[in-house]
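Novice: okay, sequence plus prediction incoming.
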Amino acid sequence: MAEAVRQQLENQLDELEDLRRRGLFSLDEIRHIVKRRKAFEYALRRRQPQKVDFLRYIQYELSLEELRKKRKKARNLTRTNNASEFAIVRRLHFTFHRALLKFKGDVRLWNQYFDFCEQSGAAKVTSKAFGTALQYHPNEAGIWVKAAKWEFEHNANIKAARILMQRGLRINPKSADLWREYLRLELLFLEKVVLRREILGLSTAAEDVAERTEEEQRESEKVAQAQEREANSINRSTNDDDDSDVDDVYNIGSDDEAAFDPTQKQAVVVPALEAEKDAAPLLGDRFLKGDIPLLILRAAQEEFASDVATQLTFLPVVRLFRGTKHIRDEIYKSLPDSEQAAEAIARRPVEDIAADSVMMDENDYAAALQQSIHLFEQACKTASMHERFCTFLLEQLQATPSSNTAQAALLVTALLAACDRAVTAGLATPGIYKAWCEASVALGRGSVADALARAEQGARATKSVEAWTYCLRLHVLAGESDVDAFGKLVEASLASCTHLDVAPLHTVWLDFLTVHGSAKQITKAFNAAVEALHGPRSEPFCVRYVLWANISGGVVKAREAYTRLLDKLGLSFLSLYRTCLDLEMAQPAVDQTVVRRLYERALASHGQHSTELWLACMQTERSWRCFDRLSALHWRAVKQLADPAEFIERASHMQ
């Protein structure tokens, strides 16, 4: 081990001498660098090196490289052909390789290496890193997407990006993320080609295609292909040399190319890729009409034939691009029969006009809205569908400008009618009752008392926390100030919602008492809420109790409150500790003993997972200039945290 470490240090002599000679580091600094690197090398060469050892070494070298660049800029040094210019970057690559050789399964470490490669501008190394990572993690969709994005955006290599996405889908055919990103890739490429043709004055209009005869279309395709080969620089990196580079870096050989057989169902194939080796796929009319994204969409629909939610996730991607109406038609046409599909189809007129129109015309939008309302009315046969309809109308009402009174009146009228039908049919849900009340108040139909009566009727009928919460809040908005009357309503709501999460009801009750109740009533309500709610549900009430005690009685009452919560009730929420610490640190004369005791209790409960807590403790000691405690805290944090990598990185920036 000692000989290997000595050899590593001796290999750095030229670099260190160059740094000293150029005045970037002093002799003492060089000695310190050698000492730190020696310690790191010994740590990496022990019998069982930890990932944190590699991360510390990498972070140190990154900081050192940043310092070297700043000093070089300050001294106006421009020469780059010297021994120290790229030595630290090469060492970082080498250290990453050693770490990844030891921790091949750490996806987060691979992503850190990808980011470093991109920042350092090492294009070939980045591609090679992606290829190696994909061999170890073929089921990680994020790496496939990141690699394809790199090839498309940085290397302008659409062929390599396509091959990567297709290989990823062949291995992970059920990955919705891969299908979405592959569709986005082809739509992006199509948009670039169309924009390039517009700049060059070439025809891209679909109407021109429809008017041509078959002979003219064949001639047009030949001309377009010739023009694209010459003019489209997007494909400039897909020549024979680059193809061989792609094969070498990503290990794509003849076996992989044979796997893309159009007769195989699992292969997602762009037809012209098999016919043209110059990577000019469908550069005629079929390409410009968007046939490639359509093929990808149809293949994805076969994989997710019964999954409506996944199929609908393709819509936001498609709507980002112009001229994709036929692709949207394909998505809606293939949706299986379900309430979610019916809602999507009913929403389509409004969403399509918002996506297709740069400047939306009010008349066109009103017509689309009427069409959506008609489609919803036809589909409303269940309680869930009625609630989806009311939710849609409420969303549109909230998005309507205050100046457009006609549209607001139309929406409110439709909302009231929908709610009336649901209540009459016995299909009303808490959400429908809420929409019913809001529509009544918005249109001015009936008094506030009618809205309160409807809200209470809905709450008692559905026995849901949501309905009771809305009913209580509506009473507060109506100006209720009688503590006894409101308290009886709260008791009725709690009795109606047994065995449910009644935290929202306690929240409304405390909000009301904060304005209209006495200190005794508020304390009683806090105690009732904390005792009634068990586990994490009582956490926000504990924090709020301490804050209220501090406001109403100062730090003495706050200490009594959090001492009772921590000691007597045994509650140890992280947010509660943070609130107590913030209150103590905000005092004019900070009691360091109390603060340290709180930190120790918090670290005992949450020190294994909370990086922020360790950093806050170190920052507090630093503000008190107790530097002798920092090293001990750092050592404890590294030992106690389950994953200390983030802590080490952030702690190094604090120094």
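Specialist: Cool, the structure landed.
Novice: least confident secondary structure element in this structure?
Specialist: When the helices and strands of the chain are scored by mean pLDDT, DSSP states H and E, helix 271-275 comes last with a mean of 37.
Novice: which neighbouring elements make contact with whichever helix or strand comes after that one?
Specialist: For helix 271-275, the following helix or strand on the C-terminal side (DSSP states H and E) is helix 285-288. When contacts are defined as 3 or more C-beta pairs under 8 Å, 6 or more residues apart in numbering; DSSP states H and E, helix 285-288 packs onto helix 176-200, helix 206-211, helix 214-231. In short, each C-beta sits where N, CA and C put it, glycine included.
Novice: for helix 285-288, what is the average pLDDT?
Specialist: What helix 285-288 shows for mean pLDDT is 74.
Novice: element containing Ala632?
Specialist: Applying DSSP H and E, one finds Ala632 within helix 630-640.
Novice: contacting residues around stretch 594-610?
Specialist: Contacting residues not belonging to stretch 594-610 are listed as 566, 572, 574, 577-578, 580-581, 584-585, 613-614, 617, 620, 636-637, 640-642 [C-beta atoms under 8 Å, 6 or more residues apart in numbering].
Novice: give me the buried entries from those.
Specialist: When the contacts of stretch 594-610 are checked for burial by 16 or more other C-beta atoms under 10 Å, the buried set is 566, 577-578, 580-581, 584, 613-614, 617, 620, 637, 640-641.
Novice: looking at these, which are in helices?
Specialist: Counted as lying in helices by DSSP state H, out of those, are Tyr577, Arg578, Cys580, Leu581, Glu584, Leu613, Trp614, Cys617, Thr620, Ala637, Gln640.
Novice: farthest pair in the residues you listed?
Specialist: Pairwise distances across those (C-beta to C-beta) peak at 22.8 Å, for the pair Glu584 and Gln640.
Novice: and the strand or helix carrying Leu295, average pLDDT?
Specialist: For Leu295, the host element (DSSP H and E) is helix 291-303. The average pLDDT within helix 291-303 is 90.
Novice: buried set for it?
Specialist: For helix 291-303, by 16+ other C-beta under 10 Å, it's Asp291, Ile292, Pro293, Leu294, Leu295, Ile296, Leu297, Ala299, Ala300, Gln301, Glu303.
Novice: wait, the third one sits on Glu186?
Specialist: This means Pro293. Yes - using C-beta atoms under 8 Å, Pro293 is in contact with Glu186, at 4.6 Å.
Novice: the residue lying closest to Ala455 once chain neighbours are set aside sits in which helix or strand?
Specialist: Distances taken as C-beta to C-beta, 6 or more residues apart in numbering put Cys471 closest to Ala455, at 4.1 Å, once the chain neighbours are dropped. Taking DSSP H and E as the criterion, the element that holds Cys471 is helix 465-477.
Novice: and the next helix or strand past that helix?
Specialist: Later in the chain than helix 465-477, the nearest helix or strand by DSSP H and E is helix 483-496.
Novice: show me what counts as buried in that next one.
Specialist: Within helix 483-496, the residues that count as buried by 16+ other C-beta under 10 Å are Phe486, Gly487, Leu489, Val490, Ser493, Leu494, Ser496.
Novice: any idea how far the second one lies from Asp361?
Specialist: What that stands for is Gly487. Distance, Gly487 to Asp361, using C-beta to C-beta, to the nearest Å: 53 Å.
Novice: contacts only, for the residue nearest to Ala455.
Specialist: Contacts of Cys471 by C-beta under 8 Å, 6+ apart are Leu452, Ala455, Glu456, Gly458, Ala459, Leu489, Ser493.
Novice: quick check, nearest of the residues you listed to Lys325?
Specialist: Gly458 (41.0 Å).
Novice: isn't the closest one right up against Trp436?
Specialist: Yes - between Gly458 and Trp436 there is a contact under C-beta under 8 Å: 7.4 Å.
Novice: what residues are shared contacts of those two?
Specialist: Common contact partners of Gly458 and Trp436 (C-beta under 8 Å, 6+ apart): Ala428.
Novice: flag the shaky bits of the stretch 551-655 of the chain, pLDDT-wise.
Specialist: The stretch 551-655 of the chain contains residues with pLDDT under 70 at 655.
Novice: and if you look at the chain?
Specialist: For the chain (pLDDT under 70), the answer is 1, 203-285, 356-360, 440-447, 655.
Novice: go again using 50 as the cut-off
Specialist: Along the chain, the model assigns pLDDT under 50 to residues 205-207, 209-213, 223-224, 226-228, 230-249, 252-282, 445-446.
Novice: and the residue nearest to Ala519 when sequence neighbours are not counted, how many neighbours?
Specialist: Take Ala519 and drop its neighbours on the chain: the residue closest to it by C-beta to C-beta, 6+ apart is Ser552, 5.9 Å away. Neighbourhood size, Ser552 [other C-beta atoms under 10 Å]: 14.
Novice: can you say which helix or strand has Ser552 in it?
Specialist: helix 539-563.
Novice: list the buried residues for that helix?
Specialist: 539-546, 548-550, 557-559, 561-562.
Novice: check stretch 377-390 too.
Specialist: For stretch 377-390, using 16+ other C-beta under 10 Å, the buried residues are Ala379, Cys380, Ala383, Met385, His386, Glu387, Arg388, Phe389, Cys390.
Novice: among those, which one lies nearest to Val145?
Specialist: Arg388 (32.1 Å).
Novice: ok, so what distance separates the closest residue to the closest one other than its chain neighbours from Val89?
Specialist: Closest residue in space to Arg388, ignoring its immediate chain neighbours: Glu343 at 4.8 Å, by C-beta to C-beta, 6+ apart. Distance of Glu343 to Val89, computed by C-beta to C-beta: 53 Å.
Novice: between those two, which has more neighbouring residues?
Specialist: Taking other C-beta under 10 Å, Glu343 and Val89 do not tie; Glu343 has more neighbours (21 against 17).
Novice: my guess is the more buried one contacts Glu387. True?
Specialist: No - Glu343 is not in contact with Glu387 according to C-beta under 8 Å; the separation is 10.2 Å.
Novice: could I get stretch 541-554 in CSV with only the CA atoms?
Specialist: This file holds the C-alpha atoms of stretch 541-554, laid out as CSV (Å, rounded to 0.1, in the frame of the first residue of the first chain):
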residue,chain,number,x,y,z
PHE,A,541,-50.5,21.3,16.3
CYS,A,542,-47.5,20.9,18.6
VAL,A,543,-45.5,23.5,16.6
ARG,A,544,-48.5,25.9,16.5
TYR,A,545,-49.0,25.4,20.3
VAL,A,546,-45.4,26.5,21.1
LEU,A,547,-45.6,29.5,18.7
TRP,A,548,-48.9,30.6,20.2
ALA,A,549,-47.5,30.2,23.8
ASN,A,550,-44.5,32.3,22.9
ILE,A,551,-46.8,35.1,21.4
SER,A,552,-49.2,35.1,24.3
GLY,A,553,-46.9,34.5,27.3
GLY,A,554,-43.3,35.0,26.1
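Novice: from the buried residues of helix 539-563, pick the one nearest Thr429.
Specialist: Among those, and counting by C-beta to C-beta, the member closest to Thr429 is Pro540, at 26.6 Å.
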